[in-house]
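*Asks:* the sequence isn't on hand, but the structure is:
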């Protein structure tokens, strides 16, 4: 072994150590016979891990099952010289008799203490603590994950390496992949307002123009004209018009009377519930401030009276039927959680600890450990802490009565998540930000300990793209309002309400209800782009579904029932974790209460 290249040997051992794989000195000697052996390590780790006979020890027999032709040639040459049985025997002898050599190498690896800086499209060259940021050589890095964010660089935290002699049965595949994420939408730092009339007007104007642009993507809207042009007509005509619903009510005969408005005026509309082309249940779901398209006949009426449109067809913007979601090329997953409420007496810390054990591969059967090992990202969609002064009697419901101590506890709990998992934290109504939506990210003075451990703090709503898959995260404040206004919706079935939000293409379609909406010059609540995953929380009920190929997730809670939830008739579902595979968009509901 003394004749081997010590630097190559050290790097190879380091990579295997960090992957939880035991490698014998004899196998090391074989690997160093390869041309450019370091480039083969990633392939070997990946293919060995998926072999059913692999038990954590990299032997020539395991190498023989890999797909690389160069490795096969090296093995064939050695087999001809010594025979396969002797070949394996030597490997076993090396495994038991040369552990001291491997342990020495491991100590050399661990003794190099320095953080790894990672960049998009760069391999960082690091030697004795020095980092060369200018070395351009794109190669996969398996021993440390890298992070990609708008071509910016970021330091990745390091952890102590596992002992090479330990029985390390949990080998997370997510550890082998670099972070690839981009924040597509974040209102933080862009939502200033004075709260005067002009701000409200600009918000409504932007909402109308944004929704009108989305409606134009529907073929039915090509013939639509503005309301002012319709009001000029002096004879009955077939028309098509797009506008926001200003008023809707049911007449004595059971039909529906609407007032529609656009930038040019308002017009009255009658929708008869007995028409074959109009579904009465769909009419019942029309709400104020929602944009719809009406086709019908305009009757100007007699002089001195207002004209009226007799509608025979209407539609909302909705999600197109042929939407095809993007998928990740990598076998990774994202876990979606919210409403943790750290600091509350009802915070289920035992369930959180189970979640940490699951992420670290300490509980669950083999199948669940494999699923845990695929998790690369976690989104915390609001209400990480219970906050202070959220409601009048809250103090009596708290075990941590200081907001800074709540965040200190939060950082302590989140720090137990493996460092190859990226955590995003989007603000909610219990977090120390304004109550009106959209919300900025939690300020640094509260969240500094979180950012120090790598948590990415962002506003709400937000869009996060991870490995080609976009998640729209919205805390869900408007869900309760919509459930009161729309027949058939229920607080215990949030996915059905989420479908209505997608149909409206707006996260808080009704203005002036309990949901506070900040008057900004841009409407951040318009769903401009169709996401692959739509993630909400707030109502503390876990629910998963699909709508026109969009995956819908309401992520439940880590808080047991409070008096407020009881008053709403909501029975929370704490400790159920939705996990979505980014390469298939298949979902798993992990019930932590059932795990041992």
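*Replies:* Everything's here; your move. These figures come from a predicted structure and were not determined experimentally. Residues are numbered from 1 along each chain as shown.

*Asks:* helix or strand: which one has residue 12?
*Replies:* Assigned by DSSP states H and E, residue 12 belongs to helix 6-18.

*Asks:* quick check: next helix or strand after that helix?
*Replies:* Counting by DSSP H and E, what follows helix 6-18 is strand 22-23.

*Asks:* list the helices and strands that following strand packs on?
*Replies:* Judged by 3 or more Cβ pairs under 8 Å, 6 or more residues apart in numbering; DSSP states H and E, the packing partners of strand 22-23 are helix 6-18, strand 57-58. Bear in mind the C-beta positions are built from the backbone N, C-alpha and C, glycine included.

*Asks:* any idea of the mean pLDDT in it?
*Replies:* In this model, strand 22-23 has a mean pLDDT of 74.

*Asks:* and the helix or strand just after that strand, how far out from the chain's middle?
*Replies:* Going down the chain from strand 22-23, the next helix or strand is helix 25-31, by DSSP H and E. Chain-centre distance of helix 25-31: 42 Å, with Cα atoms, centre = their mean, to the nearest Å.

*Asks:* repeat that for stretch 392-408.
*Replies:* With Cα atoms, centre = their mean as the basis, stretch 392-408 stands 28 Å off its chain's centre.

*Asks:* how about that stretch: buried residues?
*Replies:* Applying a neighbour-count criterion of 16 or more other Cβ atoms under 10 Å, the buried positions in stretch 392-408 are 394, 397-398, 400, 403, 406-407.

*Asks:* stretch 517-534 now?
*Replies:* Neighbour counts using 16+ other Cβ under 10 Å place 517-520, 523-527, 530-534 of stretch 517-534 among the buried residues.

*Asks:* over to stretch 64-72?
*Replies:* 66, 71.

*Asks:* what's the answer for stretch 180-193, then?
*Replies:* 180-181, 183, 185-188, 191.

*Asks:* how about TSV for these, with pLDDT, distance to residue 209 and secondary structure added?
*Replies:* Converted to TSV, those look like this (pLDDT from 0 to 100; distance: Cβ to Cβ, whole Å; DSSP: H, G, I helix; E, B strand; the rest coil):
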residue	pLDDT	distance to residue 209	secondary structure
180	96	33	strand
181	97	30	strand
183	98	24	strand
185	97	18	strand
186	97	22	coil
187	96	18	coil
188	96	23	coil
191	91	18	coil
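
*Asks:* which two in those are spaced the farthest apart?
*Replies:* Spanning the widest gap among the buried residues of stretch 180-193 are 180 and 191, at 27.6 Å by Cβ to Cβ.

*Asks:* residues touching residue 436, list them.
*Replies:* By Cβ atoms under 8 Å, 6 or more residues apart in numbering, residue 436 lies in contact with 516-518.

*Asks:* neighbours around the nearest residue to residue 477 once chain neighbours are set aside, how many?
*Replies:* Leaving aside its sequence neighbours, residue 477 sits nearest to residue 515 (Cβ to Cβ, 6 or more residues apart in numbering; 4.9 Å). Using other Cβ atoms under 10 Å, residue 515 is surrounded by 22 other residues.

*Asks:* I'd like the average pLDDT over the helix holding residue 12.
*Replies:* Averaging pLDDT along helix 6-18 gives 72.

*Asks:* before we move on, what about stretch 38-46?
*Replies:* 75.

*Asks:* run through the stretch 1-150 of the chain and note the low-pLDDT ranges.
*Replies:* 1-8, 18-20, 24, 46, 49-57, 78-150 (pLDDT under 70).

*Asks:* max-length helix in this structure?
*Replies:* Among the segments of the chain that qualify as a helix by DSSP state H, the longest is helix 197-215.

*Asks:* so which bits of it are buried?
*Replies:* Quick answer for helix 197-215 (16+ other Cβ under 10 Å): 199, 202-204, 206-208, 210-212, 214-215.
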